[in-house]
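A.B. asks: Next one to model:
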Amino acid sequence: MMDTVLSNSTLFPRPLLPVRITLNSTTTYFFKKLQKRRVVRFRKNPCADTVVVAVGNNKSSTIITCGGGIREIEEKEFSDAVLKSDRLVLVEFVANWCGPCRLISPAIESIAQEYGDRLRVVKIDHDTNPGLIEEYKVYGLPTLILFKNGEEVPESRREGAITKVKLKEYVDALLESVSVA
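C.D. replies: Below you'll find the predicted structure:
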């Protein structure tokens, strides 16, 4: 789903602002249609979950870097992305229909960018990953769980909406407890 595209080009007449695009089949289709019209060029950054988008023609174009530190994964990727990770992984269980999930989304993105050097953040969709929901007994949304060395960190589970300040306190406390242990 494409959240926002803002640019200073004639195609998007608003001023240039930061952009976030979640690349999936819908946005890939959208950009490929624009690409055929030579309006948009984009590429996935292989090193991160970002997309670089160039809007405009060859004479004048606007380059937009979008994405963030959050990676959306599926059940088949869970083992490699979380359990076998050599870094701490904060897993966020969410759903598109969940109001509190949408409410904390900007705070989670901010945490992912701020703590990117110490922590990886992944998002798991509740509706498309029932096996993980059952295995980790996710009863409320959003649910946050920290994993270290393939194991759930004791007392790291948090359910429900949370302010950015409280989320930062939560992550700081988790990182401190993990580094002490």
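
A.B. asks: Glu109 contacts Ile70, doesn't it?
C.D. replies: Yes - using Cβ atoms under 8 Å, Glu109 is in contact with Ile70, at 6.0 Å. All C-beta spots, glycine's among them, are computed from the backbone N, C-alpha and C.

A.B. asks: who has more neighbours, the two?
C.D. replies: Ile70 (22 against 17; other Cβ atoms under 10 Å).

A.B. asks: I'd guessed the more buried one sits against Ser110; true?
C.D. replies: No - using Cβ under 8 Å, Ile70 is not in contact with Ser110; the gap is 10.3 Å.

A.B. asks: Show me how the chain divides into domains.
C.D. replies: Following automatic domain parsing, one finds the domains of the chain at 1-68, 70-180.

A.B. asks: Pick out the shakiest of the ones you listed, pLDDT-wise.
C.D. replies: Ranked by mean pLDDT, the domains of the chain bottom out at domain 1-68, with a mean of 46.

A.B. asks: And the strands in the chain?
C.D. replies: 40-44, 50-56, 61-67, 70-73, 88-94, 119-125, 143-148, 151-152, 158-159 (DSSP state E).

A.B. asks: Show residues contacting the fifth one.
C.D. replies: Right, the one you point to is strand 88-94. Contacts to strand 88-94, defined as Cβ atoms under 8 Å, 6 or more residues apart in numbering, come from residues 70, 81-82, 101, 105, 108, 111, 118-126, 132-133, 136, 138, 141-148, 171, 175, 178.

A.B. asks: still on that earlier bit, between Ile70 and Ser110, which contacts overlap?
C.D. replies: In terms of Cβ under 8 Å, 6+ apart, Ile70 and Ser110 are not both contacted by any residue.

A.B. asks: could you check the distance from Leu90 over to Trp97?
C.D. replies: Using Cβ to Cβ, to the nearest Å, one gets 22 Å for the distance from Leu90 to Trp97.

A.B. asks: I'm done for today, thanks for sticking with me.
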